[in-house]
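Trainee: coords please:
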Amino acid sequence: MIHDIEYETMPREALEAIQLRRLQTTLQRVYATVPFYRKRFDDAGFNPADMKTLDDLRRVPFTTKQDLRDNYPFGLFAVPMDNVVRIHASSGTTGKPTVVGYTARDVTTWSELMARSLSAAGATRGDIIHNAYGYGLFTGGLGVHYGAERLGASVIPISGGNTKRQIMIMKDFGATILTCTPSYALHLAEVAEEVGVDFKDLKFKAGIFGAEPWSEKMRQEIEKKLNLDALDIYGLSEVIGPGVAVECLEAKAGLHIFEDHFIPEIIDPETGEVLPYGETGELVFTSITKEAFPVIRYRTRDITSLNPAPCICGRTHVRMNRVSGRTDDMLIIRGVNVFPSQIESVLMEIEGVEPHYQLVVDREGTLDMLTVMVEVGEKAFTDEIKGLQHLEKLIAKNIKEYLGVSAKVKLVEPKSIARSEGKAVRVIDNRKL
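Mentor: All right, here's what the predicted structure looks like:
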């Protein structure tokens, strides 16, 4: 279902005309109101008045997360604080938190984008949305909440945690759309089984899962265990929150980026060179409708590619492929680049393995050592030792063949890897300690 037929199916030429007009306005405004951008543009010899075509955006310097931290907390806001009605922030686990602001119009825009996202999953005003994303400074919970209300649907603001209670409410309230992280979705399936609830007896028809990378195999696992259509959603607080891009129910083949609000680019993460459609690199976004906190050529560190091919759903916006990893959580093991999602893809191909794993990296002498801890099912764990040893060797062999890196595999008991109500902790890198 398409929420906004006019903008989501707009011909490319008309869409690019809107993008250029909104981009010109945004660049002129940040140059006039944000000292950081004014200095950055001046140092690069760029004047916003010179922006004549969309290709001229390539002359503009990139913005990074470090720039946001350097201007903590409100140095990149483009409006006075008395116009800011909402403030969100990242957790700050790797440094100072990144702080973002919203005007009243920004909140309306965000709500509209999330209404579009929910509609892409088939949601209507007649649905009940069980929202298990976290509320608070994290943008996930409130983003979905406002989008559901904008759509006219009923929303259950359950947030994370109290999983057994969530299962009861799902059953009693008759929710039809589930929103949470993919790892928490699988945890919900585990707990439901423990308390004797079968998702086939619930009313869910679709789920929108995001906030962490997940593989196609994990999608299949979620759909099997939760008996619903699982769709990927993409967003980040620095750009607006969830609702930057979403998969459609019709295709499930890439996430439609709402290009009337965001201009995407793919760059070579080493050189900064803009790459053509279809090539894999780092995703960069420029926001063209945000008032309080616009970002210009923001380097997301997410690795993906863009697909301009028409979609069977009728939307004309480009699609981004599923994020395969990040340049800043990429592991380099003896010269080999490894993303957790690549390991996940290998694990999900093997029968008897559960979709719960953790990568532990240590340094022994001068060598980096990767250990893959992965849960196996009850039946596999109660099999004879030789069977478990064979499974460990098979996993190690497949990781070596597919990724070119040697790993020690350690099979662990069911439910022994800590569950997360938000983003799953996939990597423990002891080299940093």
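
Trainee: quick one, domains of the chain?
Mentor: 1-327, 331-432 (automatic domain parsing).

Trainee: and those, which one averages the lowest pLDDT?
Mentor: Of all the domains of the chain, the minimum mean pLDDT falls on domain 331-432 (a mean of 86).

Trainee: right, so the domains of the chain: which one is the most enclosed?
Mentor: Among the domains of the chain, domain 1-327 has the highest mean neighbour count (mean count of other CB atoms under 10 Å), at a mean of 19. Using the backbone N, CA and C atoms, a C-beta is placed for each residue, glycine as well.

Trainee: send me stretch 254-269 as CSV with only the CA atoms.
Mentor: Taking Å, rounded to 0.1, in the frame of the first residue of the first chain, the C-alpha atoms of stretch 254-269 are listed here in CSV:
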residue,chain,number,x,y,z
GLY,A,254,15.6,-3.4,-1.3
LEU,A,255,14.5,-0.4,0.8
HIS,A,256,12.8,2.5,-0.9
ILE,A,257,14.6,5.7,0.1
PHE,A,258,12.2,8.7,0.5
GLU,A,259,14.2,10.9,-2.0
ASP,A,260,11.9,13.8,-1.7
HIS,A,261,13.4,14.3,1.8
PHE,A,262,16.9,12.8,1.5
ILE,A,263,19.5,12.6,-1.2
PRO,A,264,21.6,9.4,-1.1
GLU,A,265,25.0,8.8,-2.4
ILE,A,266,27.3,5.8,-2.4
ILE,A,267,31.0,6.6,-2.0
ASP,A,268,34.3,4.7,-1.9
PRO,A,269,35.0,4.8,1.9
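
Trainee: from residue 146, how far off is the spatially closest residue to residue 159 that is not a sequence neighbour?
Mentor: Nearest residue to residue 159, sequence neighbours excluded (CB to CB, 6 or more residues apart in numbering): residue 135, at 4.8 Å. Distance of residue 135 to residue 146, computed by CB to CB, to the nearest Å: 11 Å.

Trainee: what does residue 84 give?
Mentor: In this view, residue 84 and residue 146 are 16 Å apart by CB to CB.

Trainee: quick one, strands of the stretch 1-150 of the chain?
Mentor: 86-89, 99-102, 128-131 (DSSP state E, counting those that start in this stretch).

Trainee: what's the second one in contact with?
Mentor: Right, strand 99-102. Residues outside strand 99-102 that contact it (CB atoms under 8 Å, 6 or more residues apart in numbering) are 68, 72-74, 77, 79, 84-89, 110, 139, 237-238, 292-293.

Trainee: and if we set it to 6 Å?
Mentor: Strand 99-102 is contacted by residues 73, 77, 84, 86, 87, 88, 89, 237, 292, 293 when judged by CB atoms under 6 Å, 6 or more residues apart in numbering.

Trainee: could you export it as PDB, CA atoms only?
Mentor: What follows is strand 99-102, C-alpha atoms only, in PDB (Å, rounded to 0.1, in the frame of the first residue of the first chain):
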ATOM      1  CA  VAL A  99      22.500  15.200  19.700                       C
ATOM      2  CA  VAL A 100      19.700  15.900  17.200                       C
ATOM      3  CA  GLY A 101      16.800  18.400  17.300                       C
ATOM      4  CA  TYR A 102      13.400  18.700  15.700                       C
END
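
Trainee: can you measure across stretch 291-303, start residue to end residue?
Mentor: End-to-end span of stretch 291-303 (CA to CA, to the nearest Å): 27 Å.

Trainee: no no, stretch 86-106
Mentor: Across stretch 86-106, first to last residue, CA to CA, it's 9 Å.

Trainee: that one: how far from the chain's middle?
Mentor: Mean-position distance between stretch 86-106 and its chain equals 16 Å (CA atoms, centre = their mean, to the nearest Å).

Trainee: let me see the contact set for residue 130.
Mentor: Neighbour list for residue 130: 156, 170, 175, 178 [criterion: CB under 6 Å, 6+ apart].

Trainee: so what strands line up beside the longest strand anywhere in the chain?
Mentor: In the chain, taking DSSP state E as the definition, the longest strand is strand 353-364. In the sheet, strand 353-364 lines up against strand 367-376 (antiparallel), strand 427-429 (parallel) (DSSP bridges).

Trainee: ok, which stretches of the protein are helices?
Mentor: Here the chain has its helices, by DSSP state H, at 5-8, 12-33, 35-43, 65-70, 104-120, 139-151, 163-173, 182-194, 216-226, 340-347, 378-382, 385-403.

Trainee: can you list contacts of the longest strand of the chain?
Mentor: Strand 353-364 is contacted by residues 186, 218, 221, 340, 347, 369-376, 417, 427-431 when judged by CB under 6 Å, 6+ apart.

Trainee: let's see it at 8 Å
Mentor: For strand 353-364, the external contacting residues (CB under 8 Å, 6+ apart) are 183, 186, 217-218, 221, 331, 333, 340, 343-344, 347-348, 368-377, 380, 391, 395, 414, 417, 419, 425-431.

Trainee: got the angle between that strand and helix 216-226?
Mentor: Note on geometry: by axes from the mean of the first three to the mean of the last three CA atoms, to 10 degrees, strand 353-364 and helix 216-226 are set 140 degrees apart in direction.

Trainee: distance from the chain centre to strand 353-364, please.
Mentor: Its chain's C-alpha centre and that of strand 353-364 lie 21 Å apart, by CA atoms, centre = their mean.

Trainee: ok, now stretch 339-356?
Mentor: Chain-centre distance of stretch 339-356: 19 Å, with CA atoms, centre = their mean.

Trainee: do the same with stretch 316-324
Mentor: That offset, for stretch 316-324, works out to 12 Å (CA atoms, centre = their mean).

Trainee: end-to-end on it?
Mentor: With CA to CA applied, stretch 316-324 spans 23 Å between its terminal residues.

Trainee: what's next to it, contact-wise?
Mentor: Contacts of stretch 316-324 (CB under 8 Å, 6+ apart): 8-12, 15, 213-216, 232, 234, 245, 253-260, 264, 277, 280, 283, 302-311, 339, 341-342.

Trainee: what does stretch 65-79 contact?
Mentor: For stretch 65-79, contacts defined as CB under 8 Å, 6+ apart pick out 29-30, 33-37, 81, 84, 89, 95-99, 101, 103, 238, 291-295, 299, 301.
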